[in-house]
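Colleague: can't give you the sequence, but here's the structure:
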């Protein structure tokens, strides 16, 4: 791709993640904040009904609804599937140019700090992520590779990515994280403008990233009941190395469950509140330094 023509900023795909909701409302009130020369920028609230209800979703997680089976025409009573089709129509109108870049805004109860989530290793995304992590060393880069239309909103576009910030409770605004997210958005928009103008200085040769390798569920009994908690020594230690033999979980009668893997991993999204229903206690990732 030699030219970015349209960029979409989406907040509130999860209705109780308020930083994205109120940033989009701010951009809709003051559109010049996200206006750049050379391409069009639009902002969109992902899940209005869930936002109004103060819930993550109404019927199912909207950020898992952007799949090939849900998007074609067909009858459904599930609100988020209907909304996913509406969003696709907005971002990918038939007979017209689709949005080139999707910036999907999220918050997490896990201690993820400032995180850029990429769904693929496209060179433009890697260089953008390297740029953002260079201008703000607090920015971490997480690779969770998925094919197009894999369910996540960002998978609608080859250049889709998420900004995930935390820790912040569901339904809560955090001013510092709000400001950090806003600045990351402006920096990303500026980078894309410079890309269009051919002014990118390709002097960043490496990128440190965390690449997803597996999910880990909580220990459960035969009825699916959780039998242990995140170990206190692991809580809030996202991106920190977990070595074989380190504590992983703690049972309700104070028995430690140790990590029995053969290699060091880097847990992220540790104890995310919304992932209990998904059977995910954390993701394991590999820390890598790659050439770009």
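Modeller: Thanks, I have the structure now. Every value quoted in this text rests on a predicted model; they were computed, and no experiment measured them. Numbering: from 1, shown residues only.
Colleague: how about the secondary structure of the residue nearest in space to the middle of the chain?
Modeller: Central residue of the chain (Cα atoms, centre = their mean): residue 162, 3.7 Å from the mean position. Using DSSP: H, G, I helix; E, B strand; the rest coil, the structure places residue 162 in strand.
Colleague: that one and residue 288, how far apart?
Modeller: Distance from residue 162 to residue 288, counting by Cβ to Cβ, to the nearest Å: 19 Å. C-beta: built from backbone N, CA, C; applies to glycine.
Colleague: next, residue 114: phi, psi?
Modeller: Main-chain dihedrals, residue 114, degrees, to the nearest 10: phi -110, psi 110.
Colleague: domain boundaries for this structure, per the record?
Modeller: Using automatic domain parsing, the domains assigned to the chain come out as 6-204, 209-291.
Colleague: format the ones you listed as a markdown table; extra columns: mean pLDDT.
Modeller: Below are those laid out as a markdown table (pLDDT from 0 to 100):
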| stretch | mean pLDDT |
| --- | --- |
| domain 6-204 | 94 |
| domain 209-291 | 98 |
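Colleague: pick the most buried one from these.
Modeller: For those, the largest average neighbour count (mean count of other Cβ atoms under 10 Å) is found in domain 6-204, namely a mean of 18.
Colleague: could you look up the SS state of the closest residue to residue 12 other than its chain neighbours?
Modeller: Take residue 12 and drop its neighbours on the chain: the residue closest to it by Cβ to Cβ, 6 or more residues apart in numbering is residue 21, 4.1 Å away. For residue 21, the assignment made with three-state DSSP gives helix.
Colleague: tell me where the stretch 101-250 of the chain has helices.
Modeller: For the stretch 101-250 of the chain, applying DSSP state H, counting those that start in this stretch gives helices covering 123-135, 175-196.
Colleague: reformat the ones you listed as JSON lines; add distance to residue 142.
Modeller: Below are the helices of the stretch 101-250 of the chain laid out as JSON lines (distance: least, Cβ to Cβ, whole Å):
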{"stretch": "helix 123-135", "distance to residue 142": "9"}
{"stretch": "helix 175-196", "distance to residue 142": "14"}
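Colleague: check contacts around the closest residue to residue 192 other than its chain neighbours.
Modeller: Computed as Cβ to Cβ, 6+ apart, the closest residue to residue 192 that is not its neighbour in sequence is residue 4, at 5.0 Å. For residue 4, the contact set (Cβ atoms under 8 Å, 6 or more residues apart in numbering) comprises 38, 39, 100, 101, 159, 192, 195, 196.
Colleague: looking at the residues you listed, which is nearest residue 125?
Modeller: The nearest member of the contacts of residue 4 to residue 125, counting by Cβ to Cβ, is residue 159 at 6.1 Å.
Colleague: closest one of the contacts of residue 4 to residue 251?
Modeller: residue 159 (44.3 Å).
Colleague: my guess is that closest one meets residue 123, correct?
Modeller: No. Counting by Cβ atoms under 8 Å, residue 159 stays clear of residue 123, with 10.3 Å between them.
Colleague: who are the contact partners of the residue nearest to the centre of the chain?
Modeller: 103, 104, 105, 106, 116, 117, 152, 154.
Colleague: you'd agree the last one is up against residue 160?
Modeller: Yes. In terms of Cβ under 8 Å, residue 154 counts as a neighbour of residue 160; the distance is 3.2 Å.
Colleague: give me the common contacts of these two.
Modeller: Counting by Cβ under 8 Å, 6+ apart, the residues touching both residue 154 and residue 160 are 102, 104, 119.
Colleague: can you tell me the distance between the two ends of stretch 158-174?
Modeller: Start and end residues of stretch 158-174 are separated by 30 Å (Cα to Cα, to the nearest Å).
Colleague: hmm, I typed the wrong one, I wanted stretch 66-82.
Modeller: End-to-end distance (Cα to Cα), stretch 66-82: 10 Å.
Colleague: again, but for stretch 14-33
Modeller: 23 Å.
Colleague: how far does that stretch sit from its chain's centre?
Modeller: Distance, stretch centre to chain centre, for stretch 14-33: 16 Å (Cα atoms, centre = their mean, to the nearest Å).
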